[in-house]
Every structure is written in C-alpha cells, then in structure tokens.
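Asker: I would like to see how this sequence folds:
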Amino acid sequence: MTTILLIEDNEWSRDMLSRRLSRHGFQVMAVEDGERGLLSAHSGQPDLILLDISLPDIDGWEIARRLKAHAATKPIPIIALTAHAMRGDRELALQAGCDEYDTKPVDLARLLAKIGALLDRDSPVEDSVKRTQWLSQPATPVAPDEEEI
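Answerer: Numbers count the residues shown, from 1 in each chain. Next comes the predicted model:
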C-alpha cells in the first residue's frame, strides 16, 4: 500500500484530508508539526509527503530543504500545500526542494492527479499499473461539506 506522510498543523484539515486519501486507498501518516514530520519521514520512509508550508515550529520551506539534504529522504516526492498562495510561492517551493505545489482549499481530483504523476515517475511498470487503477476507480461518496478543505 502506498504511504503518504501528511504534515499539517490544522487539525480539521489534517483529519479531513487523511480520511479522503484513505478512501482512495492510501495509508496516511498524519502529524501536526515540522519536527514530527521530519522524524516521521526518516522513520516511516513514506512514498510521498504532503507538506503544509505554514507550520508553527519549522516552516515547510525549511522542512523541504532538510529532507532533500538527507540521502535517506531525498528521493521522497514532496507536494507543498498552502492556503496563502502568493505570486512566486510555487517557485519558492520548487527551489526549497518540493517536487510539486498545490493550493488550499484542496481540489482532491487535482491533488490526486499530482500524487499519481509523482508516484508513477520512477516506478516499475507493475506499480504504475496498480497506482493508475486507484485513480480510475470511483471513490467512496463524500458529503458536500467535505468536497474541499
């Protein structure tokens, strides 16, 4: 099963996105701050990291730099997530080491497409086919108030 590490300080967003990703077949490790995120990335070796940029202890830019500077975590794809999308933020995320960038409120279809593209990038054909299958399968229906976070 594909494991995603979600580093998000907002409890509601963390819970909502975790549940939605779980319904799409991912195992989600969710943590609320940068320090726990760094520890979880090293100990859990997730397949992908969703990284909130505005965290209370260590900002997402610094977390991305640290993860990409360490041999064990460098290959893990990182998608930066932010509600404060300003001109140039995408470029800053990429410069910090993130592989992709997405804005909040999260559009799940758009985020799933980005996750799929990053996971398929260097995967063997069998894994690629399996990952493509979860993208094409209908998800468990979501209540209207859960459509965006």
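Asker: hmm, Met1 is touching Gly25, no?
Answerer: Yes - assessed by C-beta atoms under 8 Å, Met1 is found in contact with Gly25 at 7.1 Å. Glycine gets a C-beta too; all of them are placed from N, C-alpha and C.
Asker: can you show me the helices along the protein?
Answerer: 11-23, 34-44, 60-69, 89-96, 108-120, 125-136 (DSSP state H).
Asker: what's the closest non-adjacent residue to the residue positioned nearest the centre of the chain?
Answerer: Taking C-alpha atoms, centre = their mean, the centroid of the chain lies closest to Leu50, which sits 1.9 Å from it. Nearest residue to Leu50, sequence neighbours excluded (C-beta to C-beta, 6 or more residues apart in numbering): Leu6, at 4.8 Å.
Asker: could you do Arg66 as well?
Answerer: Leu38 (6.2 Å).
Asker: so which of Met1 and Gly25 has more stuff around it?
Answerer: Comparing Met1 with Gly25 by other C-beta atoms under 10 Å, the one with more neighbours is Gly25, at 15 against 7.
Asker: any idea of the pLDDT on that one?
Answerer: pLDDT recorded at Gly25 is 95.
Asker: kindly report the same for Asp122.
Answerer: 47.
Asker: cool, and Ala93?
Answerer: 87.
Asker: so how far is Gly44 from the residue nearest to Arg66?
Answerer: 11 Å (C-beta to C-beta, to the nearest Å).
Asker: okay, those two: which has more neighbours?
Answerer: Neighbour count, other C-beta under 10 Å: between Leu38 and Gly44, Leu38 has more, with 19 against 14.
Asker: and the pLDDT at the more buried one?
Answerer: On the pLDDT scale, Leu38 gets 97.
Asker: repeat that for Gly88.
Answerer: 80.
Asker: Thr82 too?
Answerer: Value for Thr82, per-residue pLDDT: 88.
Asker: try Glu62
Answerer: Per-residue pLDDT puts Glu62 at 96.
Asker: how many residues are close by it?
Answerer: Around Glu62 there are 14 residues (other C-beta under 10 Å).
Asker: what about the residue nearest to it when sequence neighbours are not counted, neighbour count?
Answerer: Distance criterion C-beta to C-beta, 6+ apart; nearest residue to Glu62, sequence neighbours excluded, is Gly34 at 7.3 Å. When counting by other C-beta under 10 Å, one arrives at 21 neighbours for Gly34.
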